[in-house]
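*Asks:* Next come a sequence and a model predicted from it.
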Amino acid sequence: MSIITTATARLADIPVEQNRTDAVQAFIKQETIFVDLATDDGLAGMGYSYTIGTGGSSVLALLNDHLLPALPGQDARNVEALWQRLFARTRATAVGAITSLALAAVDTALWDLRCRRAGEPLWRLAGGHRQEIPLYDTEGGWLHLSTEDLVKSAVAARDAGWAGVKIKVGKPHPAEDVERLRAVREAVGPALHIMTDANQSQTLSSAVRLASALEPHGPFWFEEPMPADDVSGHARLARATNVPIAVGETLYSLGQFRQYLEAGAASVVQVDAARVGGITPWLKVAHLAEAYNVMVCPHFLMELHVSLAAAVPNGMYVEYIPQLRAITRTELTVRDGRAVASDEPGIGIDWDHDAIDDRRVA
């Protein structure tokens with residue numbers, strides 16, 4: 001057996017590496033919630049989740065008050081049973097962001113233990129489809145950047161062998177968004193994938209108009225055009241445009257993804273392991289999307305998602321937004337525009353524990 005002896009949590013604030021803005025918010029810091037587990041067979045596992053500036057202390061309180069006390073004495077090998085047990089303890093707050101983020105911190109720690117016990121990396125134990133996955137760049141596409149900056153970053157990504165870049169949309173007038181996309185497309189040519197992301201800023205009517213205006217310049221997808229709870233609106237938009245609709249970063253359960261896929265409202269699934277409750281439900285979403293012949297391109301958390309996207313056959317892209325370099329000893333490996341999942345046993349992140357402690361706030 002592998003009985004959990006201790007379960008603790010902590011919160012660290014990590015500043016963003018550069019200004020990050022979109023149509024509705026600014027990413028000011030990453031509140032990072034860590035869970036550390038130890039077992040009686042001498043193993044230790046570490047998991048994490050995050051917020052982009054608010055709510056971290058609430059996630060920490062849920063862990064300390066309700067979830068972590070249930071773990072000592074349990075067999076860490078029973079990952080599915082433990083996820084269900086902890087979910088049952090949060091019925092009053094599920095389904096929602098705070099609960100899912102807390103569950104994710106525990107679940108990634110359990111998977112870290114599982115991989116270390118097996119002596120295998122996450123990408124192989126979670127499926128083992130391949131070890132590398134294409135990257136697309138978001139860091140050069142934030143809304144506050146000038147058109148010239150967008151073009152410069154996109155050309156650099158193309159020349160480095162990357163297959164795609166993302167441009168944020170949602171300027172005060174749609175013509176600005178169209179001009180920015182047009183300039184990038186003319187600079188990089190027809191082959192580079194250019195993703196567009198509205199961050200839930202549109203109404204159905206404005207989303208239809210914006211998609212129509214962007215379409216001549218070949219956007220690879222139109223991401224989160226409307227509020228994430230508007231499934232029927234996304235289905236109507238999907239029928240009104242040839243641009244694929246991408247959703248998922250603001251969905252918090254397997255059932256929410258099922259609603260989108262059943263309605264034909266999403267052609268790209270961007271499931272986020274932290275926001276959906278961990279690796280265990282992430283894999284269920286990925287395989288559900290596979291049943292609908294839909295690609296998975298996870299949101300953020302590239303250091304974790306490289307292993308998960310590589311593990312499944314419908315993983316297509318990992319989003320490049322570096323955020324853990326201040327608290328890791330090594331960086332994500334990139335080779336010819338592709339992210340390479342770590343071969344080390346565990347979830348594949350080389351934590352710098354001293355650096356984490358230096359940024360600890362709770």
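*Replies:* Now that the structure is in, tell me what you want to look at.

*Asks:* where does the residue lying closest to Trp351 once chain neighbours are set aside land on pLDDT?
*Replies:* Sequence neighbours aside, Thr328 is the residue nearest to Trp351 in space, at 6.0 Å (criterion: C-beta to C-beta, 6 or more residues apart in numbering). The way it works is simple: take the backbone N, C-alpha and C, and place the C-beta from them, glycine included. As predicted, Thr328 sits at a pLDDT of 98.

*Asks:* wait, what's in contact with Thr328?
*Replies:* By C-beta atoms under 8 Å, 6 or more residues apart in numbering, the contact set of Thr328 is Glu303, Ile349, Asp350, Trp351, Asp352, Ala355.

*Asks:* what does Ala341 give?
*Replies:* Applying C-beta under 8 Å, 6+ apart, the residues near Ala341 are Pro121, Leu122, Trp123, Gln131, Glu132, Ile133, Val306, Ser307, Ala310, Gly348.

*Asks:* Export those as a markdown table, with columns for neighbour count, secondary structure and pLDDT.
*Replies:* Shown next, in a markdown table, are the contacts of Ala341 (neighbours: other C-beta atoms under 10 Å; DSSP: H, G, I helix; E, B strand; the rest coil; pLDDT from 0 to 100):
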| residue | neighbour count | secondary structure | pLDDT |
| --- | --- | --- | --- |
| Pro121 | 22 | strand | 98 |
| Leu122 | 28 | helix | 98 |
| Trp123 | 28 | helix | 98 |
| Gln131 | 19 | coil | 98 |
| Glu132 | 19 | strand | 97 |
| Ile133 | 26 | strand | 98 |
| Val306 | 29 | helix | 98 |
| Ser307 | 30 | helix | 98 |
| Ala310 | 26 | helix | 98 |
| Gly348 | 24 | coil | 97 |
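
*Asks:* out of the residues you listed, who's nearest Ile4?
*Replies:* Leu122 (19.6 Å; C-beta to C-beta).

*Asks:* returning to what we had before: distance of the residue nearest to Trp351 relative to Thr108?
*Replies:* Thr328 sits at a distance of 15 Å from Thr108 (criterion: C-beta to C-beta, to the nearest Å).

*Asks:* now Ile194
*Replies:* Ile194 is 31 Å from Thr108, by C-beta to C-beta.

*Asks:* In terms of neighbours, single out the busier of those two.
*Replies:* Thr108 (28 against 22; other C-beta atoms under 10 Å).

*Asks:* per-domain residue ranges of this protein.
*Replies:* For the chain, automatic domain parsing gives the domain ranges 4-119, 124-340.

*Asks:* Which one of those domains lies nearest to Arg360?
*Replies:* domain 4-119 (4.9 Å).

*Asks:* Report the mean confidence score over the closest one.
*Replies:* If you average the pLDDT values across domain 4-119, you get 96.

*Asks:* what's the span of that domain, first residue to last?
*Replies:* 19 Å (C-alpha to C-alpha, to the nearest Å).
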